[in-house]
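# need coordinates for the below:
(one chain, ligands or ions: 1)
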Amino acid sequence: MGFLQDPPQLAHPYREDPLLRATLRRALPPARLAAIEPDLQALGDYAVMEWKRANHSTRRKPVLTQWDAWGNRVDRIELTEAWQEGPHITTQHAVLAAGHEAHEHARLEEFARVYLYHVASEFYSCPLAMTDGAATALKASGNKALMERALPHLLSRDASTFWLSGQWMTENAGGSDVGNTETVARQDASGQWRLYGRKWFSSAVVGEMALGLARPEGAGSGPGALALFYVETMDGERRKPELIIDRLKDKLGTHELPTAEIHLDGLPAWPLGELANGVRQVAPMLNITRTWNAMGATASMARALSLARDYATRRSAFGKRLIDQPLHAQTLADMQAEFEGAFALSFEVAHLLGRVEHGSAQPHEAALLRLLTPLAKLWTGKMAVKLCAETLECFGGAGYIEDTGLPQLLRDAQVYAIWEGTTNVLSLDTLRALAGDNFNALCIAIEGWLADSIDAQARQAIHKALHDAAAYLQTHANQRDTLEAGARGLALTLARTTAAALLARHNAWGAQHGHARAGAALRRFVAHGLSRFSTSDATDTALLLGPH
Ligand code: MFK
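Numbers count the residues shown, from 1 in each chain. Sure thing, here's the model as predicted:
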């Protein structure tokens, strides 16, 4: 037998991740960190076990069986092993319950768990995100009866009582523009609301409940007339007959996640609140799932980089290990610096969310959270695709081979930029979030993060980018089309500027706690440039898109 290459090994994502450990040490009181450490260790153990298991078994996909041998409609979905383990792992380690505890660090502690569990979960994290979002939207609705009914299940620490929730929004006509929703809510003779329609992407069809948008019969057209409804999907062990699974989607990635097309044929439903303004009512859910999306994208990047770094120490070419080849090392370090910026922003959003929910945030921080949530989602979603593509290249031909487990990283990463709002929808949401005085909230936050900064060059670059963004917003304040055309460039610039300021804060802390690498991440990240403004000349756009 000739030469055989050592495959990459997955480092323990908690024990061997200095960035995560330093971040938690900086952000959490020692007693809190000690309290959650057993869960973090265990979720890291699970990730390592799952990586090994996936590499030693045939990849499976969920299977939908619609009819049994005797002609009964059954709509049974067989799940992969990781999905079957999902309820046990997540309740045992309180992934969702931790986020709803009554203290300001609750969300950070939740999302540290999400970060460790996400990739190993095979996107069981997707319905978990919706479940978290549903719990949050139910609390925001103030509907006591529904809260009492559902919250003990959604936040259960016991798999036998745990419920997953779906988020039923997307339809054939109403994708990004949910105002086109065709599903109708009708009251029957007894006054019970029932839903009739078709939902085109349902990623929690194995769940026990869902929150869905529907148009009450007789209400007008457009998004304002939509209402948000609560539904339960199971009747004991059986799925309710008014919920029909038409088929599972054949997707580019997230193959283990059974995303379904469904029909609702009179499914009993209860409004969360008023019979209108459903988009406003579902917004708390969207902001939670978008935070999960950002953390999922960050976790996928961490996984990709971890494997690429490890492989660079095992693979030699031209007489040296890859890690000792200057250009390969430079490539990996560039990726690491970009990743650390994304990591800083995702974890800040998580921590901020907890502080705002707990009521311990500073006055400007609710507006800051509203702005940083779409920024984190859109920027990390785009970056994950780029970084996973680069990772495959770090493996050469092996990165293109299915059973290395590497192509899946890239296929899965593509979803982050699409679901929960595309990059452009989130860029427009950024404009929505910048309304009023919210840009000022970002300026206040950045000044706070830079207060102890020890890198004058980085500080100058951050101030310049912030100043340019303010000037851009002021110049185009009354030119809506120009603002929209440039919204992606503006959003990416704001995301990078925020991330740089967070890296500067971490660097100041790192300098006092022996973490020299924090300064290296900041310098490299800033050197890649903060500004991403795009040219938005409407005449040129029309010429480029006109007849050839
Ligand atoms: C690790 C895995 C993680 C995640 C997995 C999750 C998978 C889930 C799969 C899916 O379900 S994907 C489908 C998700 N669909 C979307 O994300 C929809 C994308 N489209 C948008 O976000 C549009 O911008 C939107 C539907 C919100 C536009 O609707 P409208 O009604 O035309 O918007 P409008 O009129 O501007 O806003 C209505 C109200 O909502 C306003 O409040 P008011 O009524 O008080 O004025 C807005 O301010 C408010 N609003 C909108 N977005 C908000 C928000 N409020 C807070 N936060 C937001 N993000």
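# after the helix or strand hosting Lys382 comes which helix or strand?
Following DSSP states H and E, one finds Lys382 within helix 365-394. Following helix 365-394 in sequence order, the next helix or strand is helix 407-413 (DSSP H and E).
# that next one and the ligand in contact?
No. Counting by Cβ under 6 Å from any ligand atom, the ligand is not contacted by helix 407-413; separation bottoms out at 9.8 Å. (Each C-beta comes from the backbone N, C-alpha and C, glycine too.)
# what does that helix contact?
Applying Cβ atoms under 8 Å, 6 or more residues apart in numbering, the contact partners of helix 407-413 are 59, 123, 252-255, 297, 300, 303-304, 384-385, 387-389, 391-392, 399-402.
# again, only this time at 7 Å
Residues from elsewhere that reach helix 407-413, judged by Cβ atoms under 7 Å, 6 or more residues apart in numbering: 252-254, 300, 303-304, 384-385, 388-389, 391-392, 400.
# please apply the same query to stretch 418-426.
With Cβ under 7 Å, 6+ apart, stretch 418-426 has contacts from 176, 286, 289-290, 293, 374, 377-378, 381-382, 417, 429, 488.
# by neighbour count, which of these wins?
When neighbours are counted by other Cβ atoms under 10 Å, Lys377 leads these with 35 neighbours.
# my read is that it contacts Met295, right?
No. Counting by Cβ atoms under 7 Å, Lys377 stays clear of Met295, with 9.8 Å between them.
# now the longest helix anywhere in the chain: average pLDDT?
When the chain is parsed with DSSP state H, its longest helix is helix 278-314. The pLDDT scores in helix 278-314 average 97.
# that one vs the ligand: in contact?
Yes. Interface with the ligand: helix 278-314 contributes Val279, Arg280, Ala283, Leu286, Asn287, Thr289, Trp292, Asn293, Gly296 (Cβ under 6 Å from any ligand atom).
# among these, which pair sits farthest apart?
Within the residues of helix 278-314 next to the ligand, two members stand farthest from each other by Cβ to Cβ: Arg280 and Gly296, at 25.4 Å.
# what parts of this protein come near the ligand?
So the chain meets the ligand at 118, 125-126, 129-130, 167, 169-170, 176, 178-179, 201, 203, 223, 277, 279-280, 283, 286-287, 289, 292-293, 296, 419-421, 425, 429, 432 (Cβ under 6 Å from any ligand atom).
# report the central residue of the protein.
In the chain, the C-alpha nearest the mean C-alpha coordinate belongs to Asn293, at 0.7 Å (Cα atoms, centre = their mean).
# follow-up on the earlier one: angle of the longest helix of the chain against helix 365-394?
Per axes from the mean of the first three to the mean of the last three Cα atoms, to 10 degrees, the angle that helix 278-314 makes with helix 365-394 is 40 degrees.
# thinking again about what came up before, buried subset of the residues of the chain next to the ligand as a ChimeraX selection?
Typed into ChimeraX, the line below selects the buried ones among the residues of the chain next to the ligand, using 16 or more other Cβ atoms under 10 Å:
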select :118,125,126,129,130,167,169,170,178,179,201,203,223,277,279,283,286,287,289,292,293,296,419,420,421,425,429
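# sorry, back to before: list the buried residues of the longest helix of the chain.
With the criterion 16+ other Cβ under 10 Å, helix 278-314 contains buried residues 278-279, 281-312.
# swap in stretch 105-122?
Across stretch 105-122, burial judged by 16+ other Cβ under 10 Å covers 105-122.
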